[in-house]
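Visitor: Any chance you can model this:
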Amino acid sequence: MLNKNHDSGSLLLSSEVTGVNSGVKGLPVRGTDDHIAKAMDKPITGSNHATMLKYTSLVVLMVQNAAQTLVMRYVRTRAGDMFMSTTAVVMSELIKTVTCLGVILYEEGWSVRRWGMHLKTNIWDQPLDCVKISVPAIVYMIQNNLLYVAASNLEAATYQVTYQLKILTTALFSVVMLRKELTKLQWVSLVILFIGIAGVQLQPPGDQSSTSGSKPATDQNALIGFLAVAAACVMSGFAGVYFEKLLKNTPQSVFLRNVQLGFIGCVFGCVTTAANDWDKVRTVGFFHGYDLAVWSVILLMSLGGLVVAVVVKYADNILKGFATSGSIIIACVASMYLFDFQLSVQFSVGTALVLIAVYMYSKFVPVPKASPSKASASKTSLPQGSASV
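Guide: Numbering: from 1, shown residues only. Next comes the predicted model:
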């Protein structure tokens, strides 16, 4: 049976991802004695390979988070033709959809017929299910648009720190919607997180610098930026927990779910583009202002969830917390060089509190409670060579 523990803050988490390496501790591996002997002859190699994958995925996640923040800030504040953020959201959803369709095709052994039947059975033949998945799809689409607004009005470092508020919103929605339990230290960490973010946001205006070199392409308002990122955090928490609940209670894979999310996001993203930027699209075109930097942001946003899925597969919550902390530090240091961002005492203290809170929340997780069936099963030893399916 698949392990169904999920990280509710993330888009691409599912039982299929988190349960790949799960197993019953102490039980022998299926196969002949010769196969088992060969496996035991090379324990270090396998361990080293898993360790390499774990830390590589963490480094990639850390760099991806920081790079997305920095590049998004750059493309929203530089001089020159400004792209339409609504079109960028549409392209992010489209790329995510195509990528997940490719993964499903791979899982079906590159058989187009099985691939088509799989999509028909799980999507076309289940319209009510598509209605349910449309809720987080629309919320994620709105959230991504809000992130562009936030990046246009907040320094990259401030944005990166403030966006960690999603840990708080996700935790609250998990407690309410999924009846999850948090330890006392996790509740303390959430309070510390809120205080740290408040400290970052309440620093004097003079301590926040504007981008260097050229005049920002858009007028900046720190209050609008904070409200945008706060709303995005609320939406991220709700959509993530809602999506997790769907994954737990339905058989569809995470990649199939993301096909649905991406397609519905594309449709409603096009509606948003038509409502807000239709005249501009008709005049200058859908891809006005696009260049390598803009495409980089789109790819980072669309494929970031896949990186999270890899991290969940090979790492634990503590290491993910370190990756989040590392991305905050990278964003802060890079902002000083790229955008002439000046670190104030208040910002430094607030950021330190956020880093401590992220570590505490990841470290002091509740101890899983064994269900009665598992408890009784553990009292009965299985014969050598047998395993439950």
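
Visitor: now the helix or strand containing residue 294: mean pLDDT?
Guide: Element membership of residue 294, judged by DSSP states H and E, is helix 292-314. The pLDDT scores in helix 292-314 average 81.

Visitor: What is the subsequent helix or strand relative to it?
Guide: Counting by DSSP H and E, what follows helix 292-314 is helix 317-338.

Visitor: What is the helix or strand that that next one is followed by packed up against?
Guide: Next helix or strand after helix 317-338 toward the C-terminus (DSSP H and E): helix 345-363. Counting contacts by 3 or more C-beta pairs under 8 Å, 6 or more residues apart in numbering; DSSP states H and E, helix 345-363 packs against helix 156-162, helix 165-177, helix 184-201, helix 317-338. All C-beta spots, glycine's among them, are computed from the backbone N, C-alpha and C.

Visitor: I'd like the average pLDDT over helix 345-363.
Guide: Mean predicted lDDT for helix 345-363 stands at 90.

Visitor: Report the buried residues of it.
Guide: Buried residues in helix 345-363, counted by 16 or more other C-beta atoms under 10 Å: 347, 350-351, 353-355, 357-362.

Visitor: and what of stretch 276-296?
Guide: 277, 280-281, 286, 289-290, 294-296.

Visitor: before we move on, what about stretch 325-343?
Guide: 325-332, 334-335, 338-339, 341.

Visitor: And for stretch 172-192?
Guide: 172-174, 182, 186, 189-190, 192.

Visitor: quick revisit: tabulate the helices and strands packed on helix 345-363 (JSON lines), appending mean pLDDT and distance to residue 229.
Guide: Converted to JSON lines, those look like this (pLDDT from 0 to 100; distance: least, C-beta to C-beta, whole Å):
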{"stretch": "helix 156-162", "mean pLDDT": "92", "distance to residue 229": "5"}
{"stretch": "helix 165-177", "mean pLDDT": "92", "distance to residue 229": "7"}
{"stretch": "helix 184-201", "mean pLDDT": "92", "distance to residue 229": "10"}
{"stretch": "helix 317-338", "mean pLDDT": "83", "distance to residue 229": "13"}
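
Visitor: Reformat those as TSV; add distance to residue 256.
Guide: TSV is the format used below for the helices and strands packed on helix 345-363 (distance: least, C-beta to C-beta, whole Å):
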stretch	distance to residue 256
helix 156-162	31
helix 165-177	22
helix 184-201	32
helix 317-338	24
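
Visitor: Those: which one's closest to residue 142?
Guide: helix 165-177 (14.4 Å; C-beta to C-beta).

Visitor: quick one, that closest one and helix 345-363 angle?
Guide: With axes from the mean of the first three to the mean of the last three C-alpha atoms, to 10 degrees defining the directions, helix 165-177 sits at 40 degrees from helix 345-363.

Visitor: elements contacting helix 165-177?
Guide: Against helix 165-177 (3+ C-beta pairs under 8 Å, 6+ apart) you get helix 184-201, helix 222-249, helix 345-363.

Visitor: closest to residue 157 out of these?
Guide: helix 345-363 (7.4 Å).

Visitor: got a list of contacts for that closest one?
Guide: Residues from elsewhere that reach helix 345-363, judged by C-beta atoms under 8 Å, 6 or more residues apart in numbering: 157-158, 161, 164, 167, 171, 185-186, 188-190, 192-193, 195-200, 202-204, 207, 317-318, 320-322, 324-325, 328-329, 332.

Visitor: quick revisit: identify the farthest-apart pair in the buried residues of stretch 172-192.
Guide: Largest pairwise distance in the buried residues of stretch 172-192, by C-beta to C-beta, is 19.4 Å, between 173 and 192.

Visitor: quick one: contacts for residue 103?
Guide: Here residue 103 is in contact with residue 255 (C-beta under 8 Å, 6+ apart).

Visitor: Which secondary structure element is home to it?
Guide: helix 85-107.

Visitor: got the CA positions of that helix in PDB?
Guide: C-alpha atoms of helix 85-107 as PDB (Å, rounded to 0.1, in the frame of the first residue of the first chain):
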ATOM      1  CA  SER A  85       2.400  38.800 -16.200                       C
ATOM      2  CA  THR A  86      -1.000  37.300 -17.100                       C
ATOM      3  CA  THR A  87       0.500  35.700 -20.200                       C
ATOM      4  CA  ALA A  88       3.500  34.500 -18.300                       C
ATOM      5  CA  VAL A  89       1.200  32.600 -15.900                       C
ATOM      6  CA  VAL A  90      -0.600  31.000 -18.800                       C
ATOM      7  CA  MET A  91       2.700  29.800 -20.300                       C
ATOM      8  CA  SER A  92       3.800  28.400 -16.900                       C
ATOM      9  CA  GLU A  93       0.600  26.400 -16.700                       C
ATOM     10  CA  LEU A  94       1.000  25.200 -20.300                       C
ATOM     11  CA  ILE A  95       4.600  24.000 -19.700                       C
ATOM     12  CA  LYS A  96       3.700  22.200 -16.500                       C
ATOM     13  CA  THR A  97       0.800  20.500 -18.400                       C
ATOM     14  CA  VAL A  98       3.000  19.400 -21.300                       C
ATOM     15  CA  THR A  99       5.800  18.200 -18.900                       C
ATOM     16  CA  CYS A 100       3.400  16.100 -16.800                       C
ATOM     17  CA  LEU A 101       1.800  14.600 -20.000                       C
ATOM     18  CA  GLY A 102       5.300  13.600 -21.000                       C
ATOM     19  CA  VAL A 103       5.900  11.900 -17.700                       C
ATOM     20  CA  ILE A 104       2.600  10.000 -17.900                       C
ATOM     21  CA  LEU A 105       3.500   8.900 -21.500                       C
ATOM     22  CA  TYR A 106       6.800   7.600 -20.000                       C
ATOM     23  CA  GLU A 107       5.000   5.800 -17.200                       C
END
